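A.B. asks: Sequence first, then the predicted structure, then my questions.
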Amino acid sequence: MHPVALVGLGGAIGSIFRWAVAEAMPTGSGEVPWATIAVNLLGAFLLGLLMSTTLQADTLLFLGTGLLGGFTTMSTFGVETVNLLRDESTMAASVYIALNLLAPITAWLGWQLSEAFLT
């Protein structure tokens with residue numbers, strides 16, 4: 001399958017999963033958007049797991065760039081942060097930003113876990 005098709009298909013599936021999580025965890029005005037935090041941290045962790053695998057390039061394009069790229073979302077994080085600040089929900093915005101900054105740590109933890117079991 002062509003790399004663009006792999007990324008597109010994976011991205012479509014990941015976006016649907018992200019939408020499903022957002023529907024299952026609705027956020028009211030001025031509340032911390034827990035769904036976005038959940039998908040960003042889980043997606044970073046799973047991407048970390050993939051980092052030390054020996055999967056084929058096509059599989060990595062589909063899973064990493066496509067599926068997990070569509071699942072996680074920096075754009076939603078940005079918009080939701082601006083909305084919280086616009087609503088003068090400074091504490092919720094601060095918590096939201098701080099928790100999303102854990103994404104690199106969860107990616108590292110996933111990578112470490114993967115390294116421990118695959119090597």
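C.D. replies: Alright, I've got the coordinates. The structure presented is a predicted model; accordingly, all values stated were derived computationally and were not measured.

A.B. asks: Name the helix or strand for Leu60, please.
C.D. replies: According to DSSP states H and E, Leu60 maps onto helix 57-60.

A.B. asks: Give the buried residues for that helix.
C.D. replies: Judged by neighbour count (16 or more other CB atoms under 10 Å), helix 57-60 contains these buried residues: Leu60. Backbone N, C-alpha and C define where each C-beta goes, glycine included.

A.B. asks: what does that helix contact?
C.D. replies: With contacts defined as CB atoms under 8 Å, 6 or more residues apart in numbering, helix 57-60 is touched by 1, 3, 6, 50, 53.

A.B. asks: Kindly recompute the last result at 6 Å.
C.D. replies: When contacts are defined by CB atoms under 6 Å, 6 or more residues apart in numbering, helix 57-60 is touched by residues Leu6.

A.B. asks: what helices or strands is the helix or strand following it leaning on?
C.D. replies: Sequence-wise, the next helix or strand beyond helix 57-60 is helix 69-71, with elements assigned using DSSP H and E. Helix 69-71 makes packing contacts with helix 3-24 when contacts are defined by 3 or more CB pairs under 6 Å, 6 or more residues apart in numbering; DSSP states H and E.
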